[in-house]
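Chemist: pasted the sequence and its predicted model underneath.
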Amino acid sequence: MSLTSYKSCYCGDIREENIGEVVKLSGWVANVRDLGGIIFVELRDRMGVFQVVADPQINPDVHKVFNKLKDEYVVTVSGKVSRRPDDTYNPNLATGSVEMYPESIEILSESQVLPFQLDDGDNVSEDVRLKYRYLDLRRRPVLDNLVLRHKVVSAIREFLNGENFLEVETPILIKTTPEGARDYLVPSRVHPNKFYALPQSPQIFKQLLMVGGIERYYQIAKCFRDEDLRSDRQPEFTQVDLELSFVEQEDVINLMEKLIKKAFAAGGIEVNPPFIRITYKEAMDRFGSDRPDTRFGLELFDVSDIMAKSSFAAFADVIAKGGIAKALKIPGIANYSRKDMDDIRNLAISFGAKGLAWITYCEDGTIKSPILKYLSEAEIAEIQNRADAQKGDIVFFIADEAKVAYDVFGRLRLHFGEKLNLIDPNKNNFLWVTDFPMFEYSKEDDRWSSVHHPFTMPNLEDIDKMKTDKGACRSIAYDIVYNGVELGGGSVRIHSSKIQKEVFEALGLSEEEIQAKFGFMIDAFKYGTPPHAGIALGLDRLIAMMARTESIRDVIAFPKNSQAKDLMTDAPAFADEKQLRELRLQLKQVHTH
């Protein structure tokens with residue numbers, strides 16, 4: 001059977017059962033070796049490599065062409081598959097027991113010397129690889145990541161199609177709305193001085209699909225956020241976006257556990273629902289993070305009640321003002337030097353701590369600490385009891401406002417987990433974090449904002465608190481966490497115009513602002529809105545973790561670099577004067593210092 005006029009099969013698919021068959025192959029010259037006149041070429045296509053051989057005694061005309069071949073030439077060859085001699089068998093290749101002496105060869109395209117060697121890609125700077133991304137894609141590790149992505153996306157689509165979901169595309173050019181990050185704006189030529197925005201998510205539209213009676217929607221959705229980049233961020237990224245009508249939180253969680261099991265199976269990873277569930281409060285209290293890595297211990301514990309009654313004024317005063325005191329036991333480091341302890345304290349300060357205290361439980365049974373003089377024997381004994389501190393352990397302490405204390409210890413916990421090799425890289429730990437706060441207060445902006453987004457349903461028990469105690473108001477929201485990374489988040493949505501307006505008002509939006517930004521949505525909810533809920537998974541992050549790579553750039557075909565630049569096409573770039581005039585835009589001089 002012929003795949004195309006250029007190839008009857010793929011290079012990587014030929015096996016011993018094909019011996020004696022005449023096949024036609026096309027691909028890139030991965031390697032040329034001339035061993036005393038006999039020339040060996042590894043021919044590569046997407047499926048793998050296959051050895052073709054030219055011997056002047058066997059196929060002299062082909063041998064003349066082989067003499068011209070260089071790495072990355074594109075060729076097509078035809079001939080009979082034969083068994084390799086035993087002394088040339090390559091057990092590292094799936095095609096290592098077969099080869100071909102072509103009867104014909106044609107050079108389809110020549111190649112200049114590459115700017116970097118493909119088999120040395122790991123030692124080439126990322127910027128060079130991104131500039132020549134089309135060459136980087138030829139490398140097996142990059143290709144394997146894209147194959148993995150394809151398999152996982154196919155599995156997700158297959159699963160959701162089987163659950164009666166409809167795949168629906170939502171607009172890319174939308175109205176700018178406040179969703180937390182900066183929007184990318186697109187000027188309109190037809191409507192002077194007006195702008196579209198690129199969607200940070202399809203949130204509004206997928207809820208309107210529920211109003212429209214779609215009931216079960218999904219999309220492999222492109223999203224855009226103009227924010228500072230890091231290894232797990234890109235200006236454009238992809239979500240697996242879902243929305244369902246006539247469901248509650250439990251329905252979404254059950255469905256997602258089945259989807260995740262299917263998606264990970266496509267990547268060769270077995271996971272076993274049901275996953276652990278903890279509340280946001282429990283996650284923060286135990287791990288100092290709302291996306292805890294549960295592959296290791298080192299859990300936080302509270303000492304606020306002890307420190308509040310102690311004579312340690314630095315802590316007691318913080319607690320009296322509404323702060324908390326948390327502690328973290330690290331086993332087996334009591335032999336750390338003074339410099340080691342100073343490094344840890346400086347690390348904590350770099351995380352936002354004002355200071356760091358500790359008690360050392362020495363191997364000889366003594367206890368040492370600069371703060372012992374401020375603690376009674378009963379308080380010292382209670383701390384040791386809560387910590388279950390043994391010889392060789394150190395217990396660290398922080399007193400601060402809750403947000404700072406949690407953040408510092410959450411990061412210190414991860415630091416020691418990595419430093420002490422406590423994290424098993426082969427574990428696949430999932431958990432759900434539920435009952436998130438509805439609002440969070442920003443000191444910098446002096447206002448309340450949504451923890452998830454303003455369309456999240458408040459916990460019905462806490463609705464009255466939206467006016468009296470916003471900080472205590474919980475939402476019906478849930479995040480799925482995998483090995484300490486948030487894979488996705490979702491919530492039960494507001495389907496009541498009245499509640500939606502109350503949430504907007506709690507966020508400080510005036511009636512005019514509500515109508516200007518969300519009037520169409522408020523209006524839509526007046527015409528019969530089903531209870532609905534949804535979730536979005538970060539596809540790039542999911543694939544990167546399955547591929548065991550640190551950066552999502554490794555699993556995106558054409559990513560931007562850490563400065564949000566496309567080095568291959570040199571984007572972003574200046575627009576010409578004609579384009580600017582059509583858009584009625586005038587550039588402002590930027591002064592750099």
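Modeler: On my side now, so go ahead.

Chemist: the nearest residue to residue 476 once chain neighbours are set aside pairs with what?
Modeler: Of all residues not flanking residue 476 in the chain, residue 492 sits nearest, at 4.0 Å (CB to CB, 6 or more residues apart in numbering). Using the backbone N, CA and C atoms, a C-beta is placed for each residue, glycine as well. Taking DSSP bridges as the rule, residue 492 bridges to residue 533.

Chemist: report the buried residues of whichever helix in the chain runs longest.
Modeler: Ranked by residue count, the top helix of the chain under DSSP state H comes out as helix 140-162. Across helix 140-162, burial judged by 16 or more other CB atoms under 10 Å covers 142, 145, 146, 148, 149, 151, 152, 153, 155, 156, 159, 160.

Chemist: and residue 198, what does it touch?
Modeler: Residue 198 makes contact with 172, 173, 174, 183, 184, 186, 224 under the criterion CB atoms under 8 Å, 6 or more residues apart in numbering.

Chemist: same check on residue 365?
Modeler: residue 391.

Chemist: helix/strand/coil for it?
Modeler: coil (DSSP: H, G, I helix; E, B strand; the rest coil).

Chemist: returning to what we had before: and for the residue nearest to residue 476, the neighbour number?
Modeler: 23 (other CB atoms under 10 Å).

Chemist: wait, it sits on residue 458?
Modeler: No - counting by CB atoms under 8 Å, no contact exists between residue 492 and residue 458, whose distance comes to 9.6 Å.

Chemist: rewinding a little: just the buried ones among the contacts of residue 198, please.
Modeler: Buried subset of these (neighbour count, 16+ other CB under 10 Å): 174, 183, 184, 224.

Chemist: JSON lines for the residues you listed, including pLDDT and distance to residue 248?
Modeler: Output for those, formatted as JSON lines (pLDDT from 0 to 100; distance: CB to CB, whole Å):
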{"residue": "174", "pLDDT": "93", "distance to residue 248": "29"}
{"residue": "183", "pLDDT": "92", "distance to residue 248": "32"}
{"residue": "184", "pLDDT": "94", "distance to residue 248": "35"}
{"residue": "224", "pLDDT": "95", "distance to residue 248": "31"}
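
Chemist: what about the closest residue to residue 115 other than its chain neighbours, neighbour count?
Modeler: Spatial nearest neighbour of residue 115, excluding adjacent residues (CB to CB, 6+ apart): residue 132 at 5.5 Å. Applying other CB under 10 Å, we find 16 residues neighbouring residue 132.

Chemist: over to the one 4 residues further on?
Modeler: Around residue 136 sit 23 other residues, with neighbours defined as other CB under 10 Å.

Chemist: check contacts around the residue nearest to residue 476.
Modeler: Residues in contact with residue 492 (CB under 8 Å, 6+ apart) are 248, 249, 252, 456, 457, 476, 477, 531, 532, 533.

Chemist: let's verify the third one: helix, strand, or coil?
Modeler: So the one you mean is residue 252. helix.

Chemist: what sits against it?
Modeler: 242, 244, 478, 490, 492, 533, 534, 535.

Chemist: okay, it: pLDDT?
Modeler: We have a pLDDT of 98 for residue 252.

Chemist: equivalent analysis for the fifth one, please.
Modeler: Residue 457 is assigned a pLDDT of 94 by the prediction.

Chemist: tally of neighbours for it?
Modeler: Residue 457: 23 neighbours (other CB under 10 Å).

Chemist: who does the longest helix of the chain touch, helix- and strand-wise?
Modeler: Counting contacts by 3 or more CB pairs under 8 Å, 6 or more residues apart in numbering; DSSP states H and E, helix 140-162 packs against strand 166-167, strand 216-224, helix 249-266, helix 539-546.

Chemist: ranking these by burial, who's on top?
Modeler: helix 539-546 (a mean of 24; mean count of other CB atoms under 10 Å).

Chemist: contact partners of it?
Modeler: 145, 148-149, 152-153, 220, 232, 234, 237-240, 263-264, 267, 269, 482-483, 485, 487, 550-552, 554-556.

Chemist: start to end distance for stretch 129-139?
Modeler: 10 Å (CA to CA, to the nearest Å).

Chemist: likewise for stretch 123-140?
Modeler: Start-to-end, stretch 123-140 (CA to CA) is 15 Å.

Chemist: for it, buried residues please.
Modeler: Quick answer for stretch 123-140 (16+ other CB under 10 Å): 124, 126, 129, 130, 131, 132, 133, 135, 136, 138, 139.

Chemist: and the strands in the stretch 301-450 of the chain?
Modeler: 324-330, 357-361, 367-368, 394-400, 430-434, 439-442, 447-450 (DSSP state E, counting those that start in this stretch).

Chemist: got it, and the stretch 451-593 of the chain?
Modeler: With DSSP E, counting those that start in this stretch as the criterion, the stretch 451-593 of the chain has strands spanning 477-482, 485-492, 532-538.

Chemist: direction included, what does the shortest one pair up with?
Modeler: Listed by DSSP bridges, the sheet partners of strand 477-482 and their directions read strand 430-434 (antiparallel), strand 485-492 (antiparallel).

Chemist: now do it: distance to the chain's middle.
Modeler: 13 Å (CA atoms, centre = their mean, to the nearest Å).

Chemist: cool, and the last one?
Modeler: Distance, stretch centre to chain centre, for strand 532-538: 15 Å (CA atoms, centre = their mean).

Chemist: next, the angle helix 249-266 makes with that strand.
Modeler: Strand 532-538 and helix 249-266 are oriented at 30 degrees to each other (axes from the mean of the first three to the mean of the last three CA atoms, to 10 degrees).

Chemist: name the helices or strands packed onto strand 532-538?
Modeler: helix 203-211, strand 236-245, helix 249-266, strand 477-482, strand 485-492.

Chemist: quick one: contacts of the longest strand along the chain?
Modeler: Using DSSP state E, we find that the single longest strand of the chain is strand 22-35. Contact with strand 22-35 is made by 2, 6-11, 14, 39-45, 49-50, 52, 66, 69-81, 100, 108, 118, 138, as judged by CB under 8 Å, 6+ apart.

Chemist: surely residue 116 is in contact with residue 135?
Modeler: Yes - Residue 116 lies in contact with residue 135 (CB under 8 Å); the separation is 7.4 Å.

Chemist: any residues in contact with both of those two?
Modeler: Both residue 116 and residue 135 are contacted by residue 129, under the criterion CB under 8 Å, 6+ apart.

Chemist: can I assume residue 566 is in contact with residue 558?
Modeler: Yes - the pair formed by residue 566 and residue 558 meets the contact definition of CB under 8 Å, at 7.1 Å.

Chemist: out of the two, which sits in the busier spot?
Modeler: Neighbours were counted for residue 566 and for residue 558 using other CB under 10 Å; residue 566 has more, 17 against 14.

Chemist: what's the closest non-adjacent residue to that one?
Modeler: residue 560 (5.5 Å).

Chemist: mind listing what the one you found touches?
Modeler: Counted by CB under 8 Å, 6+ apart, residue 560 has contacts 229, 234, 235, 236, 553, 566.

Chemist: sorry, back to before: redo the helices and strands packed on strand 532-538 as TSV? Include distance to residue 571.
Modeler: Shown next, in TSV, are the helices and strands packed on strand 532-538 (distance: least, CB to CB, whole Å):
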stretch	distance to residue 571
helix 203-211	27
strand 236-245	11
helix 249-266	31
strand 477-482	32
strand 485-492	28
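
Chemist: can you tell me how far the residue nearest the centre of the chain sits from residue 564?
Modeler: The structure's the chain has its C-alpha centroid closest to residue 541; by CA atoms, centre = their mean the separation is 2.2 Å. Here residue 541 is placed at a distance of 17 Å from residue 564 (CB to CB, to the nearest Å).

Chemist: again with residue 196
Modeler: As judged by CB to CB, residue 196 and residue 564 stand 19 Å apart.

Chemist: which non-adjacent residue is nearest residue 311?
Modeler: residue 374 (4.9 Å).
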